[in-house]
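Visitor: Give me a 3D structure for the following:
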Amino acid sequence: MLRDALPEIITSALPGPKSAEVIKRREAVVPSAIHCGYPVVMKRAEGAIIEDLDGNHFLDWIGGVGVLNIGHCHPEVVAAVKEQADKYFHGMFNVVTHEGYVALAEKLTQIAPVRGDKKKAYFTNSGAEADENAVKIAKAFTKRPNIIVFSGAFHGRTLMTMAMTAKKAYAVGMGPFPDGVYRAEFPYLYRKPAGMPDDKAIDYYVEKFNEVFEQCSPAEYVAAAVVEPLQGEGGFIPAPIEWVKAIRKICDEKGILLVADEVQSGFCRTGRMFASEYWKEAGVEPDIIATAKSIAAGVPLSAIVAREEIMEAAPAGTIGGTFGGNALACAAALKTIEIMERDHLADRSLEIGKKVMARYNEWKDKYECVGDVRGLGGMVGIEFVVDKASKKPAKALTGAIINECAANGLLVEGAGIYGNVIRFLAPLVMTDDQLEAGLNIFERAIKKCANC
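Guide: Numbering: from 1, shown residues only. Model prediction:
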């Protein structure tokens, strides 16, 4: 079966001839701004393996960028979508009620670790929409105009979420942006001020948050602080729990809602169903969770969950939309969550993450170019530098390693504010043999590209 296959390149060059033809057709009709640097045209995919048009097998450690935690084409999800398709595809939830939407909202309000005894949920189509809607309901509840986001943040490509996103390469020429979005410094401990101990660094970054109230917006005008429990595009940087506890305390004191952007970190990726379960274990749940990506195994869907009093603050007509909570997507999501819970994929994430972290830390000890290794569960980042002393980002080396991995059947993707991090977002159903094969390809690429 394809899902048990190992990575294998059988063509003399990549892309192979059939794939190259489709890529040529793509270039003729699709904007070049939607860039693809990988020589892969999918024919079929199962589990963690993609087969291209030329018969090459690629081990997918990108997972549609974190969308495929239960892997490509899980047969039970395929069956659930087919069963729903035989009944109806769509009915706008503002017009008719369908049970899948209700059942999924019931499930998410049971499992999402947000504050409050009675919770409500609703659905949109993408991570950006979820983040933007979280901001909308926070403003509706607090009656305040401003929000705080962080350095390194990625929240999407709508006009509002481009303003929220830190890296302005995602927003070139797209302004002016909405007002009322202010930025604090995220605790990137690997690049904290030189010589500063970690405990002092937490205090330093908390003070940077407090400075926003002096330099950008008085606290009484701030509706929410939006935090990724583990930054994705920013470089796979976990938010230190002591920092989260301090931010939660400040938000409580000042009447500010805490929003967890779990678009990428949700649905077992970090060793919990939601990364903010780690927050809850420390007594600091978020007020709102925005989530998407792996919620429906590849069918477009996102969700916003909060306690009832926050949700009910939104005026009629300000939330909802045509495709939000589409029937096919809800069917996929219900089955996906069932599989995750039944098959203990959060535990599998911890198991995979432990193996990956152990191997990456070996490389950190062996190779001068590996500067830092970090993550939660199966969401792991490895940062490449010119040398350990300077910590100068090695962006070109990182790109070369990504290309070398792809040439040998392993798909990995970069991240980080300096473009020098490679993220691990592999399907959690990957076999142990596939994991070992991928790690071996990755290490050989490091040796070759860094001349180690």
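Visitor: which stretch of helix or strand covers the residue nearest in space to the middle of the chain?
Guide: When Cα atoms, centre = their mean is applied to the chain, the residue found nearest the centroid is residue 264 (1.8 Å). Assigned by DSSP states H and E, residue 264 belongs to no helix or strand.
Visitor: Could I get the contacting residues of the nearest residue to it once chain neighbours are set aside?
Guide: What sits nearest to residue 264 in space, not counting adjacent residues and going by Cβ to Cβ, 6 or more residues apart in numbering, is residue 232, at 4.1 Å. (Each C-beta comes from the backbone N, C-alpha and C, glycine too.) With contacts defined as Cβ atoms under 8 Å, 6 or more residues apart in numbering, the neighbours of residue 232 are 66, 154, 263-265, 415, 423.
Visitor: Show me which of these is closest to residue 341.
Guide: Taking Cβ to Cβ as the measure, residue 341 lies nearest residue 265 of the contacts of residue 232, at 17.5 Å.
Visitor: Can you report phi and psi for the closest one?
Guide: Phi and psi for residue 265, reported as degrees, to the nearest 10, are phi -90, psi -10.
Visitor: dump the residue contacts of the nearest residue to it once chain neighbours are set aside.
Guide: Distances taken as Cβ to Cβ, 6+ apart place residue 275 nearest to residue 265, at 3.9 Å, with adjacent residues excluded. Taking Cβ under 8 Å, 6+ apart, we find residue 275 in contact with 229-230, 260, 262, 265-266, 269, 376, 379.
Visitor: Can you flag which of those belong to strands?
Guide: 230, 260, 262, 376, 379 (DSSP state E).
Visitor: Turn those residues into a markdown table, including pLDDT, neighbour count and distance to residue 338.
Guide: Putting the ones in strands among the contacts of residue 275 into a markdown table (pLDDT from 0 to 100; neighbours: other Cβ atoms under 10 Å; distance: Cβ to Cβ, whole Å) gives the following:
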| residue | pLDDT | neighbour count | distance to residue 338 |
| --- | --- | --- | --- |
| 230 | 98 | 26 | 25 |
| 260 | 98 | 29 | 23 |
| 262 | 98 | 32 | 19 |
| 376 | 98 | 22 | 23 |
| 379 | 98 | 29 | 22 |
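Visitor: Between which two of those residues is the distance greatest?
Guide: 260 and 379 (14.3 Å).
Visitor: re earlier: residues in contact with the residue nearest to the centre of the chain?
Guide: Neighbours of residue 264 in contact, by Cβ under 8 Å, 6+ apart: 65-66, 127, 228, 230, 232, 293, 379, 425.
Visitor: where's it relative to residue 415, distance?
Guide: Distance of residue 264 to residue 415, computed by Cβ to Cβ, to the nearest Å: 10 Å.
Visitor: now residue 198
Guide: Counting by Cβ to Cβ, the gap from residue 198 to residue 415 is 22 Å.
Visitor: Among these two, which residue is more densely surrounded?
Guide: Set residue 198 next to residue 415 and count neighbours by other Cβ atoms under 10 Å: residue 415 wins out with 24 against 11.
Visitor: you'd agree that one is up against residue 425?
Guide: No - Residue 415 lies out of contact with residue 425 (Cβ atoms under 8 Å); the separation is 9.5 Å.
Visitor: neighbour-wise, which of the contacts of residue 232 leads?
Guide: Among those, the one with the most neighbours (other Cβ under 10 Å) is residue 265, at 30 neighbours.
Visitor: where do the helices sit along the stretch 351-452 of the chain?
Guide: Taking DSSP state H, counting those that start in this stretch to define them, one finds helices in the stretch 351-452 of the chain at 395-407, 432-450.
Visitor: now for these, which one comes closest to residue 306?
Guide: helix 432-450 (36.6 Å).
Visitor: That closest one packs against which elements?
Guide: Where contact means 3 or more Cβ pairs under 8 Å, 6 or more residues apart in numbering; DSSP states H and E, helix 432-450 is packed against strand 57-60, helix 345-366, helix 395-407, strand 410-411.
Visitor: Return it as PDB; C-alpha atoms alone will do.
Guide: Below are the C-alpha coordinates for helix 432-450, written out as PDB (Å, rounded to 0.1, in the frame of the first residue of the first chain):
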ATOM      1  CA  ASP A 432       8.300   4.400  12.300                       C
ATOM      2  CA  ASP A 433      10.200   3.200   9.200                       C
ATOM      3  CA  GLN A 434       9.100   6.300   7.300                       C
ATOM      4  CA  LEU A 435      10.200   8.500  10.200                       C
ATOM      5  CA  GLU A 436      13.600   6.900  10.200                       C
ATOM      6  CA  ALA A 437      14.000   7.200   6.400                       C
ATOM      7  CA  GLY A 438      13.100  10.900   6.600                       C
ATOM      8  CA  LEU A 439      15.500  11.600   9.400                       C
ATOM      9  CA  ASN A 440      18.300   9.900   7.400                       C
ATOM     10  CA  ILE A 441      17.600  11.900   4.200                       C
ATOM     11  CA  PHE A 442      17.500  15.100   6.300                       C
ATOM     12  CA  GLU A 443      20.900  14.400   8.000                       C
ATOM     13  CA  ARG A 444      22.500  13.500   4.700                       C
ATOM     14  CA  ALA A 445      21.200  16.800   3.200                       C
ATOM     15  CA  ILE A 446      22.700  18.700   6.200                       C
ATOM     16  CA  LYS A 447      26.100  17.000   5.700                       C
ATOM     17  CA  LYS A 448      26.200  17.600   2.000                       C
ATOM     18  CA  CYS A 449      25.000  21.200   2.000                       C
ATOM     19  CA  ALA A 450      27.000  22.300   5.000                       C
END
